[in-house]
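A.B. asks: Got a predicted model here, sequence first, then my questions.
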Amino acid sequence: MSDTKQGFATRAIHDGQEADPLTGAVNVPIYLTSTYKQEAIGKNKGHEYARLTNPTRDALEENLCSLEGGTSAHCFGSGMAAITALCTMMKSGDHVVCSDNVYGGTSRLFDKVLVHYGLSFTYVDTTDANAVAAAIRPETKLVHIETPTNPMMAVTDIRAVADVCHAKGVELSVDNTFLSPYLQRPIELGADIVMHSTTKFLNGHSDGLGGVLVGTKPGHAETFRFVQKCTGGILSPFDSYLLLRGVKTLAVRMEQHDANGRVVAEYLARKLGTGKVFYPGLETHPQHELAKRQQRGFGSMISFELGSLEAANRFATGLKLCYLAESLGGVETLICHPATMTHAAVGAEGRAKLGITDGLMRISVGIEDVADIVADLEQAMTR
């Protein structure tokens, strides 16, 4: 059971993961079963059908709930499945305020799918709490933010926005994917719900998809558990096992990601100029002081401007150690081109408003030897 007095790394390794009572195995078994033998009609051992519950997924949900400091956690088959489940709290006619610079898949879901079910969405610069307050309407039910944002790395004051939301009777959800609960704890800052694409830093090894919602109220547990049951978009036992395995090393991985990220950001700032590098850890970042207050570190997500699509492509094709690939948060360094990858669906006009140019690159700094990462960036820059 969770002991909130224990440290983060201890809870990451042990919460929800007691030794198997049958064999003493220190890892939670992968329960590859679709159903469970019942002792009698209406009598079982806590499990009826694998879409509802699975012991491997149960252990994972207990673990992630502990790490984020919530009251319940609910795992889904992907980060987008988690966002979709989040929006099932809404009904036709309800309104959501969202960060204007979010992952392109989130805005695509909102604008291309959920609007057809009677939901409406307003996008604002959530770094300005007054802008959030002005966007809230009587029919607003949720404010959803990413911080730092993807890919422009803008930082929102979670506590300030939470205060605005709660004064108006609106819930706040925070996408904490970029920092993980090791570097940022939104619930402690007033958030009602935290979501992650667990595919990223929580898993950490680029080998499994997943998403999670961590709630703070009984209603959240009831709603999200019911959505798991009804829609079936749950995380598989094997992916739950991979995620449990990944989380055990989250603390040490995030320390190295953060250390490497700072070095790479400083290198890029020297190479390109500070105005072309977007990283909250740089003192020139407009929300640097806020990031210092509400985060335990700055992480390893950096965006930088190369000036043109041609320059970006020359750089990308010159990489040898780092991978040109979508996604982030793996142990390996991953570099993506937001305009054609993560934010292609936003459209040219939308990207222009957000500052996402054809020359912008985003790097998820891995945990390789940082000198090797910098050397690879340097040789690719010479192209």
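C.D. replies: That came through fine.

A.B. asks: Now do the helices for this protein: every range, in order, please.
C.D. replies: 8-14, 55-68, 79-86, 104-112, 129-135, 158-167, 180-183, 218-231, 237-247, 250-272, 288-294, 309-317, 347-354, 370-381 (DSSP state H).

A.B. asks: pLDDT weak spots in the stretch 201-350 of the chain?
C.D. replies: Across the stretch 201-350 of the chain, nothing is flagged by pLDDT under 70.

A.B. asks: OK, contacts around the closest residue to Thr35 other than its chain neighbours?
C.D. replies: Once flanking residues are discounted, Thr35 sits nearest to Tyr49: 5.6 Å by Cβ to Cβ, 6 or more residues apart in numbering. To be clear about C-beta, it is placed using only N, CA and C from the backbone, and glycine gets the same treatment. For Tyr49, the contacting residues are 34-36, by Cβ atoms under 8 Å, 6 or more residues apart in numbering.

A.B. asks: any idea how far the most centrally placed residue in the chain lies from Thr199?
C.D. replies: Nearest to the geometric centre of the chain sits Thr177, at 1.7 Å (Cα atoms, centre = their mean). When distance is defined by Cβ to Cβ, to the nearest Å, Thr177 is 9 Å away from Thr199.

A.B. asks: where do the contact lists of these two overlap?
C.D. replies: 79, 329.

A.B. asks: out of the contacts of Tyr49, which is most surrounded?
C.D. replies: Tyr36 (18 neighbours; other Cβ atoms under 10 Å).

A.B. asks: Which one of the contacts of Tyr49 is nearest to Ser236?
C.D. replies: Ser34 (11.1 Å; Cβ to Cβ).

A.B. asks: Skipping its backbone neighbours, what lies nearest the closest one in space?
C.D. replies: Ala50 (4.9 Å).

A.B. asks: avg pLDDT for the biggest strand by length in the chain?
C.D. replies: In the chain, assigned by DSSP state E, the strand with the most residues is strand 140-146. Strand 140-146 carries an average pLDDT of 98.

A.B. asks: now that strand against helix 79-86, angle please.
C.D. replies: Strand 140-146 runs at 160 degrees relative to helix 79-86, counting by axes from the mean of the first three to the mean of the last three Cα atoms, to 10 degrees.

A.B. asks: Strand 140-146: partners in the sheet, and parallel or antiparallel?
C.D. replies: Applying DSSP bridges, strand 140-146 is found paired with strand 95-99 (parallel), strand 171-175 (parallel).

A.B. asks: gap between the residue nearest to Ser34 and Ile30?
C.D. replies: 12 Å.

A.B. asks: cool, Gly69 as well?
C.D. replies: Distance of Gly69 to Ile30, computed by Cβ to Cβ: 27 Å.

A.B. asks: Count the neighbours of the nearest residue to Val170 once chain neighbours are set aside for me.
C.D. replies: The shortest distance from Val170 to any non-neighbouring residue, by Cβ to Cβ, 6+ apart, is to Thr140 (5.3 Å). Other residues near Thr140 come to 20 when the count uses other Cβ under 10 Å.

A.B. asks: wait, what's in contact with Thr140?
C.D. replies: Contacts of Thr140 were listed using Cβ under 8 Å, 6+ apart, and they are 94-97, 168, 170.

A.B. asks: how close does Pro286 get to Met152?
C.D. replies: 11 Å.

A.B. asks: Could you do Pro237 as well?
C.D. replies: Counting by Cβ to Cβ - Pro237 and Met152 are separated by 37 Å.

A.B. asks: And Asn260, by the same measure?
C.D. replies: As judged by Cβ to Cβ, Asn260 and Met152 stand 21 Å apart.

A.B. asks: Neighbour count for these two, which is higher?
C.D. replies: Ranked by neighbour count (other Cβ under 10 Å), Asn260 and Met152 place Asn260 first, with 21 against 16.

A.B. asks: wait, what's in contact with the closest residue in space to Arg159 that isn't next to it in sequence?
C.D. replies: The shortest distance from Arg159 to any non-neighbouring residue, by Cβ to Cβ, 6+ apart, is to Leu189 (4.6 Å). Each residue near Leu189 by Cβ under 8 Å, 6+ apart is listed here: 158-159, 162, 294.

A.B. asks: Name the nearest of the residues you listed relative to Val132.
C.D. replies: Nearest to Val132 among these, with distances taken as Cβ to Cβ, is Ala162, at 10.1 Å.

A.B. asks: isn't the closest one right up against Val194?
C.D. replies: No. Ala162 sits out of contact with Val194 when judged by Cβ atoms under 8 Å, with a separation of 11.8 Å.

A.B. asks: Between these two, which has more neighbouring residues?
C.D. replies: Val194 (27 against 23).

A.B. asks: Who does that one form a beta bridge with?
C.D. replies: Val174, Val214.

A.B. asks: mind listing what it touches?
C.D. replies: So Val194 contacts 68, 70, 173-174, 176, 181, 186-187, 213-214 (Cβ under 8 Å, 6+ apart).

A.B. asks: which two in the contacts of Leu189 are spaced the farthest apart?
C.D. replies: Using Cβ to Cβ, the contacts of Leu189 span at most 11.1 Å, a distance reached by Ala162 and Gln294.
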